[in-house]
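Student: This is a predicted model, with the sequence first.
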Amino acid sequence: MKMKKMRLVAAMAMAAMVVSMTGCGGGSDTAEPAGDEGVSETSYNVGVMQLVEHPALDAATQGFQDKLKELLGDSVTFDVQNAQGESTNCTTIATKFVSDGVDLIMANATGAVQAAAAATGDIPVVGTSVTDYKTAGVIEENDAPGRNVTGVSDLAPVDQQVALLQKVNPEAKKVAIVYCSAEPNSIFQSELAQKYLTEAGIEFKEYTAADSNEIQAVITNAVGECDTVYIPTDNTMASNMEIIKNVTVPAGIPVITGEEGMCATGGLATLSISYYELGLKAGEMAYEILVNGADPATTPIAFVSDNIVPKFNAEIAEAVGIAMPEDFEAIQ
């Protein structure tokens, strides 16, 4: 009887030890490594803020999501918000992302990255479709941003765009540089265009609209005084290329645009980087920050220089009666 009692006590002690060990092994704080490489399963919540809807920014957002999905699979989720071109909406969206405690903010366009930078100094911000981050006031230097913001620049080769303009319209004597005065990226590009037009001996004049309501009047004035129009990568103009087309085409005025989406919806020709590739690059940068601990403050601003080819809008070329050079590629 005594032996049986001793065996029972020993069995109970063993059972208690097993329960204790099982309890210590559970819970998310001590999760076993997963995957072939022994990396813990982690989920990431990424806030995506796009300033306005138009083909270039849409392509950048898509590229960003595609790249992170490729690299992180189902462990990444996106909260995609569109500010509809309103700075107040950017502020509201950025504040929401901070309140939600997202792991990273992707800010698509200058207004979006400015709002994100103003809303948080802690959450990493990766920008895209921003021409010059320093001019936007969100970093210290391209090589060493110095803050929680880094990203990819959409600065196009403005010097080559001016050369393209001359090739498309060799008789150009006065160029209208048209952009939205509220967009710092456009001001930056206008200054570059002025420099290269001056070097080429071509007269120019700036025409600016404060918002979309002024575009028709501004572009009408421009085509009345100039023989060619140059529009840099400007979000306000990109969202209203139909209005611009309806003025410039009847006047027979060629429009050179800063990017392909603008050309496809109302311009004549462009030398454009790929905004989808901008998004892909931004996605790679976000991955390095989220997974490998890269610091935005020391992550240089990136540039995309691949797949830049002269393209044109065949419908517009026919409408304005301009024969395009053979080495230009028609936009499909």
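Tutor: Yes, it's here.
Student: hang on, isn't Pro310 packed against Phe328?
Tutor: Yes - in this structure Pro310 lies within contact range of Phe328 using Cβ atoms under 8 Å: 4.6 Å. Backbone N, C-alpha and C define where each C-beta goes, glycine included.
Student: shared neighbours of those two, anything?
Tutor: Applying Cβ atoms under 8 Å, 6 or more residues apart in numbering, one finds that Pro310 and Phe328 are jointly contacted by Ala269.
Student: List the contacts of the residue nearest to Ala302 when sequence neighbours are not counted.
Tutor: Spatially, and ignoring its direct neighbours in sequence, Ala302 is nearest to Val152 (4.6 Å; Cβ to Cβ, 6 or more residues apart in numbering). With Cβ under 8 Å, 6+ apart as the criterion, the residues that contact Val152 are 126-128, 130, 278, 281-282, 285, 301-304.
Student: try 6 Å this time
Tutor: Residues near Val152 by Cβ atoms under 6 Å, 6 or more residues apart in numbering: 128, 278, 281-282, 302.
Student: partners of the spatially most central residue of the chain in the sheet?
Tutor: Closest residue to the average C-alpha location of the chain: Thr128 at 2.7 Å, with Cα atoms, centre = their mean. Counting by DSSP bridges, Thr128 forms beta bridges with Asn108.
Student: Return the distance of Asn307 relative to Leu280.
Tutor: Look at Asn307 and Leu280: by Cβ to Cβ, to the nearest Å, they are 11 Å apart.
Student: and Lys67, helix, strand or coil?
Tutor: Look at Lys67: counting by DSSP: H, G, I helix; E, B strand; the rest coil, its state is helix.
Student: Asn307 and Leu280: which has the busier surroundings?
Tutor: When neighbours are counted by other Cβ atoms under 10 Å, Leu280 comes out ahead of the other of Asn307 and Leu280, with 22 against 10.
Student: mind checking pLDDT for the more buried one?
Tutor: According to the per-residue confidence, Leu280 scores 97 in pLDDT.
Student: same check, this time on Ile273
Tutor: At Ile273, the predicted lDDT confidence score is 87.
Student: Identify the residues contacting it.
Tutor: Going by Cβ under 6 Å, 6+ apart, Ile273 touches 156, 304, 308.
Student: Over to Ala176?
Tutor: With contacts defined as Cβ under 6 Å, 6+ apart, Ala176 is in contact with 205, 207, 222, 226, 229.
Student: Quickly find the element holding it.
Tutor: Taking DSSP states H and E as the criterion, Ala176 maps to strand 174-180.
Student: so what secondary structure elements neighbour the helix or strand immediately after that strand in the chain?
Tutor: Downstream of strand 174-180, the first helix or strand assigned by DSSP H and E is helix 184-199. Counting contacts by 3 or more Cβ pairs under 6 Å, 6 or more residues apart in numbering; DSSP states H and E, helix 184-199 is packed against helix 158-168, strand 174-180.
Student: Include mean pLDDT when you put these into a markdown table, please.
Tutor: Supplementary listing: the helices and strands packed on helix 184-199 in a markdown table, determined by pLDDT from 0 to 100:
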| stretch | mean pLDDT |
| --- | --- |
| helix 158-168 | 96 |
| strand 174-180 | 98 |
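Student: and the gap between Thr265 and Val152?
Tutor: Taking Cβ to Cβ, one finds Thr265 at 23 Å from Val152.
Student: Please read the previous query as pertaining to Thr135.
Tutor: Per Cβ to Cβ, Thr135 is found 15 Å from Val152.
Student: before we move on, what about Cys226?
Tutor: From Cys226 over to Val152 the distance is 32 Å, taken as Cβ to Cβ.
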